[in-house]
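Trainee: What would the 3D arrangement of this be:
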Amino acid sequence: MHILKINRRTIQGGILNDDYPIEHLTDFRLLNHIPQHAILKLKGFTRAPRDAHFHDAVCGDQKAEGKCINKSGVNFNPSRNTGAGRGFIQEGLDRCFDLNSFYFLYEIAGFDDTYLTFNIYWVPIDTIRAWYAAYGSHGKITLSNFRNCLSQVSLEQTSETRD
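Mentor: Purely as a prediction, here's the structure:
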């Protein structure tokens, strides 16, 4: 697990905490680039081309897909199969699992007046497949089952603070 602490003022563009909506600190549509950048730097991967549908990062012949962890759990479906009007397509999930060597999963661990903290997990695809086989359905693993999966593995911890 990589713990990333980032100074809020660098995200908020000079907006004071009292004026900055808390929802913006917990909305991954606004923040996904931050844990992605951290894990790319840490693992030596580069951002996938914009038109890549099943992965977010590449390094040689290895690919990795990034997914947020939220209150409902982890949705492993490719982004092209998620959102309004889109539904689960097994072939899309299979393609993601076949193409990627890793998933990087990220969550907001918390925030205070100064920092926003992310937990970022770098998980080999074999582990993701095993977790999904045991606990997954329709491309998702619930939060409680995901926490159970994490509790059964040994995590190497690194940390980084960006001021």
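Trainee: Could you list the low-pLDDT ranges of the chain?
Mentor: For the chain, residues meeting the criterion pLDDT under 70 lie at 80-86.
Trainee: now the helices for it?
Mentor: Using DSSP state H, the helices of the chain run over 8-12, 28-31, 33-43, 90-99, 125-135, 143-151.
Trainee: what's in contact with stretch 27-43?
Mentor: For stretch 27-43, the surrounding residues in contact (Cβ atoms under 8 Å, 6 or more residues apart in numbering) are 2, 4, 6, 11, 24-25, 45-47, 56-57, 59, 64, 66, 68, 70, 102, 104, 106, 108, 116, 118, 120, 122, 158, 160. C-beta here means a position set from N, CA and C on the backbone, and glycine is covered the same way.
Trainee: quick one: which of those residues sit in strands?
Mentor: Among these, DSSP state E puts 2, 4, 6, 46-47, 57, 59, 64, 66, 68, 70, 102, 104, 106, 108, 116, 118, 120, 122, 158, 160 in strands.
Trainee: Filter those residues down to the buried ones.
Mentor: Neighbour counting with 16 or more other Cβ atoms under 10 Å marks 2, 4, 6, 57, 64, 66, 68, 102, 104, 106, 108, 116, 118, 120, 122 as buried within these.
Trainee: what's the closest of the residues you listed to Ala130?
Mentor: Among those, Phe102 lies closest to Ala130 (Cβ to Cβ), at 14.0 Å.
Trainee: Report the beta-bridge partners for that closest one.
Mentor: Ala64, Pro124 (DSSP bridges).
Trainee: I figured it hits Trp122, correct?
Mentor: Yes. Phe102 lies in contact with Trp122 (Cβ atoms under 8 Å); the separation is 6.0 Å.
Trainee: gap between Leu116 and Leu30?
Mentor: 11 Å (Cβ to Cβ, to the nearest Å).
Trainee: go on, Pro49?
Mentor: According to Cβ to Cβ, Pro49 stands 22 Å off from Leu30.
Trainee: ok, the two, which is more surrounded?
Mentor: More neighbours surround Leu30 than the other of Pro49 and Leu30, with 12 against 8 (other Cβ atoms under 10 Å).
Trainee: Contacts only, for Tyr121.
Mentor: The contact partners of Tyr121, taken as Cβ under 8 Å, 6+ apart, are 1-2, 104-106, 150, 155.
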